[in-house]
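Asker: For reference, the sequence and a predicted model appear below.
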Amino acid sequence: MCTECGCPFPPGMVKITTAAQKAVNLVAPPHTLELHTSLMRANVETAAHNRAHFAWADVLVINLMSAPGSGKTSLLEATIEALGNRVRIGVIEGDLETENDAARIRAKGVPAVQITTGQACHLDATMIHGALHQLDLSQIDLLFIENVGNLVCPAGFDLGQDANVVLLSVTEGDDKPSKYPVMFRAADLVLLTKADLAPHMDDFSLDRATSNIRRLANDAPVHAVSARRPNSLTQGLTPGLTPWLDWLEGELDRRSFPMEDTP
Amino acid sequence: MHELSICQSLLKEVARAIANQSEVQSKAVVTAVDIALGPLSGVDPGQLLRAFELARWGTLAETAVLRIEPVPVTVWCAECETESTVPPNALVCSMCGTWRVSLRSGADLSLRSVTLSDPDGPAPKEGTCPEEKADVY
């Protein structure tokens, strides 16, 4: 019987439990191997390997994470429109099924590799390693990894990226950072997307969203953006894409002029 | 629900730990696996226990129990020189309320120890069977 809630185990499970008890009864008094190993060790090592590939090819790698439907692919399309003529962009797409997102990116003339994870809820470093060898990194300055839409699992898996960018659309609610602290704590930049809809979302407060992110001891910049109205800043309406593009340019510059102590 | 893949990593680490041991212990049976788990690791202890029941099949830890030591979320405020135990979504100093704190613990996801028994060793004492699931949430 389950010790958590008292429910009966399914038949197969009962067998395992019985076998486990029996074997434990048969063996000698135990001795213990003291260890202090991260359970993410294998993933962290593969991520470091990926990071070395990216550094060698001088590629800035951004891991985009959000709930499904927060506008990751739309942001990428608008970003390619804005920067594609100056910056060589590549994209790795993660979804459970379909090539749809990679097809949208390729339609913009940018190389894209689609990873279909089947039932897996996140990308891991091994999947990224497989994908990066399908791209010519020497022809890429800026690589976006569009993670599986999920605010839970992707946060725990280092992929070898330079920065995590987490999207939160204004239609989702400003308390998402408090509901999903692991994800928002991992963010190096938070984009409040679909900001052109903000006037219609009177229960979403940019200040509250920011405050909830700060309460995760995270000082990451928080910017409202709109992929649908990328140039609206000049019209004095919503923030457009300018804060995001400025941030990206800053990261690209930093990469071009690395600090002296960088190996 | 990535606890199954976490379990597979866990079992790989267990196998690795045993492979590093001497020949004497190569026939040993894993009876318990102890891990430390903090809420900010993003891994759910209940899900992990259920996943372990399945994942351990056919491995060296097939008959092992998984024991999870919960690690509280603690933050350090340099201004107040105070450590506070806090909820995972309110990483603020309990003295002054600032969010400019550093995380001390709570993101833990580590293998602490592996307990082995030698099947050829002396007979066990009565009642040494560990609890099926001890010290869990």
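Answerer: Cool, the structure landed. Numbering: from 1, shown residues only, chains lettered A, B, ... in the order given.

Asker: which residues does B:Phe52 contact?
Answerer: Residues near B:Phe52 by C-beta atoms under 8 Å, 6 or more residues apart in numbering or on different chains: B:Cys7, B:Leu10, B:Val33, B:Leu66. Placement of C-beta: from N, CA and C, glycine included.

Asker: Try it again at 7 Å.
Answerer: Contact partners of B:Phe52, counting by C-beta atoms under 7 Å, 6 or more residues apart in numbering or on different chains, are B:Cys7, B:Leu66.

Asker: Got the phi and psi for the residue nearest to A:Thr37 when sequence neighbours are not counted?
Answerer: Spatial nearest neighbour of A:Thr37, chain neighbours left out: B:Leu111 (4.6 Å); criterion: C-beta to C-beta, 6 or more residues apart in numbering or on different chains. Backbone geometry at B:Leu111, expressed as degrees, to the nearest 10, gives phi -80, psi 120.

Asker: Could you do the one 4 residues further on as well?
Answerer: Backbone geometry at B:Thr115, expressed as degrees, to the nearest 10, gives phi -100, psi 130.

Asker: Is any residue of the least confident helix or strand in chain B by mean pLDDT near chain A?
Answerer: Of all helical and strand segments in chain B, the minimum by mean pLDDT, DSSP states H and E falls on helix B:3-19, at a mean of 90. Yes. Shown here: helix B:3-19 in contact with chain A (C-beta under 7 Å from any C-beta of the partner chain) through B:Ile6, B:Ser9, B:Leu10, B:Lys12, B:Glu13, B:Ala17.

Asker: for stretch B:69-83, same thing?
Answerer: Yes. Stretch B:69-83 reaches chain A (C-beta under 7 Å from any C-beta) through B:Val75.

Asker: now that stretch, how far from the centre of its chain.
Answerer: Taking C-alpha atoms, centre = their mean, to the nearest Å, one finds the center of stretch B:69-83 at 20 Å from the center of the full chain.

Asker: which residues touch it?
Answerer: Applying C-beta under 7 Å, 6+ apart, the contact partners of stretch B:69-83 are A:217, B:34-40, B:45, B:84-88, B:91, B:93-96, B:98, B:101-106, B:108, B:112, B:135, B:137.

Asker: What subset of those is buried?
Answerer: Neighbour counting by 16 or more other C-beta atoms under 10 Å in any protein chain shown classes A:217, B:34-40, B:45, B:84, B:86, B:88, B:91, B:93, B:101, B:103, B:105-106, B:108, B:112 among the contacts of stretch B:69-83 as buried.

Asker: what bits of the stretch 151-263 of chain A have low per-residue confidence?
Answerer: Applying pLDDT under 70 to the stretch 151-263 of chain A flags residues A:230-239, A:257-263.

Asker: Show me which residues of it sit near chain B.
Answerer: By C-beta under 7 Å from any C-beta, the residues of the stretch 151-263 of chain A that approach chain B are A:Val152, A:Cys153, A:Ala155, A:Gly156, A:Ser178, A:Pro181, A:Val182, A:Arg185, A:Arg214, A:Arg215, A:Leu216, A:Ala217.

Asker: Tell me which two in these are the farthest apart.
Answerer: A:Cys153 and A:Arg214 (24.1 Å; C-beta to C-beta).

Asker: Counting neighbours, go ahead and name the busier of the two.
Answerer: Each of A:Cys153 and A:Arg214 has its neighbours counted (other C-beta atoms under 10 Å in any protein chain shown); A:Cys153 has more, 24 against 18.

Asker: Run through the residues that contact that one.
Answerer: Contact analysis of A:Cys153 by C-beta under 7 Å, 6+ apart lists A:Cys121, A:His122, B:His2.

Asker: Can I get the buried ones among the residues you listed as something I can paste into PyMOL?
Answerer: Those of those that count as buried under 16+ other C-beta under 10 Å are selected in PyMOL with:
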select buried, (chain A and resi 121+122) or (chain B and resi 2)
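
Asker: Nearest residue to A:Leu137 in space, ignoring adjacent ones along the chain?
Answerer: The nearest residue in space to A:Leu137 (C-beta to C-beta, 6+ apart) is A:Ala57, at 3.6 Å.

Asker: give me the number of residues near that neighbour?
Answerer: 17.

Asker: so how far is chain B from it?
Answerer: Going from A:Ala57 to chain B by C-beta to the nearest C-beta, to the nearest Å gives 28 Å.

Asker: That residue reaches A:Gln139, doesn't it?
Answerer: No. A:Ala57 lies out of contact with A:Gln139 (C-beta atoms under 7 Å); the separation is 9.1 Å.

Asker: quick one: pLDDT of the residue nearest to A:Leu137?
Answerer: We have a pLDDT of 95 for A:Ala57.

Asker: what does A:Thr73 give?
Answerer: We have a pLDDT of 95 for A:Thr73.

Asker: same deal with the one 5 residues further on?
Answerer: In the prediction, the pLDDT value recorded for A:Ala78 is 95.

Asker: so it is in which element?
Answerer: Element membership for A:Ala78, per DSSP states H and E: helix A:72-83.

Asker: Spatially central residue for the chain, please.
Answerer: In the absence of a named chain, chain A is used. Nearest residue to the geometric centre of chain A (C-alpha atoms, centre = their mean): A:Met65, 3.2 Å.

Asker: wait, I meant chain B there
Answerer: With distances taken as C-alpha atoms, centre = their mean, B:Ile35 lies nearest the centre of chain B, 1.4 Å away.
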